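A.B. asks: Sequence and predicted structure are below.
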Amino acid sequence: MQAAIIKDIQLLSNPIMDYIFIAITMLGSSGFYFLVLPAFYWCIDKRFGLKLSVILISSIYVNTIVKEVTMVQRPIGYPGIRSIFTQSAGGYSFPSGHAQGSTTLWGTLMIHYKKKWLNILGIAIIVLVSLSRLYLGVHWPVDIFGGILIAVLIIIVGELVDNILIESKVDIPFIYKMILSIALPALLIIIFPYKDNFEYMGLLSGVLMGYFIDEKYYAFTVNNKVNKQIYKIIIGAIIFLVLQSGLKFILPYTDIFNAIRYGISGLWLSIGAPLVFNKLKLNQKTV
């Protein structure tokens with residue numbers, strides 16, 4: 001049944017459609033998220049950018065766990081199924097990380113902004129990214145539905161936790177915030193010590209620490225002219241990529257040091273970049 005669905009979708013296959021669906025599937029990749037999340041944090045809404053980052057990273061963490069527990073094999077190599085762009089298909093099959101990530105990102109955006117045009121755009125991208133995984137022959141249909149369902153549950157939990165934090169108005173001392181920023185991701189790694197979890201929990205730790213440092217000492221604003229916002233995204237993204245690539249040559253390529261590498265990258269996103277933007281007069285400082 002599942003193989004038949006993929007085969008029917010692949011009746012549309014031709015070189016042009018291949019390029020189109022490869023481009024579409026990139027909208028559900030980590031590279032796309034590493035552009036969108038900093039753009040929100042640096043240029044649109046810093047607090048919501050943090051929330052969006054935490055929910056999405058949490059979704060990736062859960063996705064990794066479920067994949068490693070279920071260990072479902074992908075349809076790659078299945079008789080009659082054509083699989084292309086397989087470099088986007090690492091690890092096990094269930095649930096689809098692209099479908100889950102896209103639903104998490106756009107679902108959170110839709111709930112936050114409540115705009116009709118955004119709802120249409122978000123649903124369209126979720127459907128197209130999900131369809132692309134079937135067209136490319138790298139996921140089963142059940143992977144898509146599982147990813148979307150898990151994403152919806154994560155969004156609901158994320159919204160509930162965020163509302164509780166807002167309403168409680170608990171003033172946690174700065175030192176405890178920093179300890180929690182390290183201890184909580186470390187605990188999540190210890191519970192499920194899979195390779196990807198080291199990286200993304202390291203990223204989460206760095207982002208949280210940087211945010212709390214900014215909150216206490218700098219409180220940067222995000223408003224500026226459009227041209228300066230574009231400069232911020234370009235400069236910030238380039239240095240982020242340099243850090244990601246350059247640190248591989250400095251730090252040993254092990255799980256622990258990968259967590260440290262991603263932690264440094266997270267610190268760049270949340271505090272390093274805003275400090276640089278301030279020096280370059282691309283950012284506004286309130287205190």
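C.D. replies: Perfect, I can see it now.
A.B. asks: The closest residue in space to P75 that isn't next to it in sequence: helix or strand, and which one exactly?
C.D. replies: By the measure of C-beta to C-beta, 6 or more residues apart in numbering, the closest residue to P75 outside its immediate chain neighbours is I81, 4.9 Å from it. Just so you know, the C-beta spots here come from the backbone N, C-alpha and C atoms, and that holds for glycine as well. For I81, there is no host helix or strand (DSSP states H and E).
A.B. asks: How far off centre is stretch 179-199?
C.D. replies: From the chain centre to the centre of stretch 179-199 is a distance of 16 Å (C-alpha atoms, centre = their mean, to the nearest Å).
A.B. asks: Can you list the buried residues in that stretch?
C.D. replies: By neighbour count with 16 or more other C-beta atoms under 10 Å, stretch 179-199 contains the buried residues 180-181, 185, 188-189, 194, 196-199.
A.B. asks: Make a markdown table from these and add pLDDT and distance to L109 to it.
C.D. replies: Listed next are the buried residues of stretch 179-199 as a markdown table, based on pLDDT from 0 to 100; distance: C-beta to C-beta, whole Å:
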| residue | pLDDT | distance to L109 |
| --- | --- | --- |
| L180 | 95 | 26 |
| S181 | 96 | 25 |
| P185 | 96 | 24 |
| L188 | 96 | 25 |
| I189 | 95 | 28 |
| Y194 | 92 | 28 |
| D196 | 91 | 24 |
| N197 | 94 | 25 |
| F198 | 96 | 28 |
| E199 | 94 | 24 |
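A.B. asks: Give me the neighbour count for the closest residue in space to T25 that isn't next to it in sequence.
C.D. replies: Nearest non-adjacent residue to T25, counting by C-beta to C-beta, 6+ apart: S132, 4.0 Å away. By other C-beta atoms under 10 Å, the residues close to S132 number 26.
A.B. asks: name the helices or strands packed onto the strand or helix carrying S132?
C.D. replies: Element membership of S132, judged by DSSP H and E, is helix 116-135. Here helix 116-135 touches helix 2-9, helix 15-25, helix 97-113, helix 141-168, going by 3 or more C-beta pairs under 8 Å, 6 or more residues apart in numbering; DSSP states H and E.
A.B. asks: would JSON lines of the ones you listed with mean neighbour count, distance to G246 and mean pLDDT be doable?
C.D. replies: JSON lines is the format used below for these (neighbours: other C-beta atoms under 10 Å; distance: least, C-beta to C-beta, whole Å; pLDDT from 0 to 100):
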{"stretch": "helix 2-9", "mean neighbour count": "15", "distance to G246": "40", "mean pLDDT": "91"}
{"stretch": "helix 15-25", "mean neighbour count": "15", "distance to G246": "28", "mean pLDDT": "95"}
{"stretch": "helix 97-113", "mean neighbour count": "24", "distance to G246": "26", "mean pLDDT": "96"}
{"stretch": "helix 141-168", "mean neighbour count": "17", "distance to G246": "32", "mean pLDDT": "92"}
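A.B. asks: Looking at those helices, spot the one closest to I60.
C.D. replies: Closest approach to I60 among those (C-beta to C-beta): helix 97-113, 6.7 Å.
A.B. asks: quick one: that closest one to helix 15-25, angle?
C.D. replies: Following axes from the mean of the first three to the mean of the last three C-alpha atoms, to 10 degrees, one obtains 60 degrees for the angle between helix 97-113 and helix 15-25.
A.B. asks: packing partners for helix 97-113?
C.D. replies: With contacts taken as 3+ C-beta pairs under 8 Å, 6+ apart, helix 97-113 sits against helix 30-39, helix 46-70, helix 116-135, helix 141-168.
A.B. asks: got the ones you listed as CSV, with distance to F220 columns?
C.D. replies: As requested, these are exported to CSV (distance: least, C-beta to C-beta, whole Å):
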stretch, distance to F220
helix 30-39, 13
helix 46-70, 7
helix 116-135, 26
helix 141-168, 21
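A.B. asks: Out of those helices, which is closest to N223?
C.D. replies: Here helix 46-70 is closest among these (C-beta to C-beta), at 10.4 Å.
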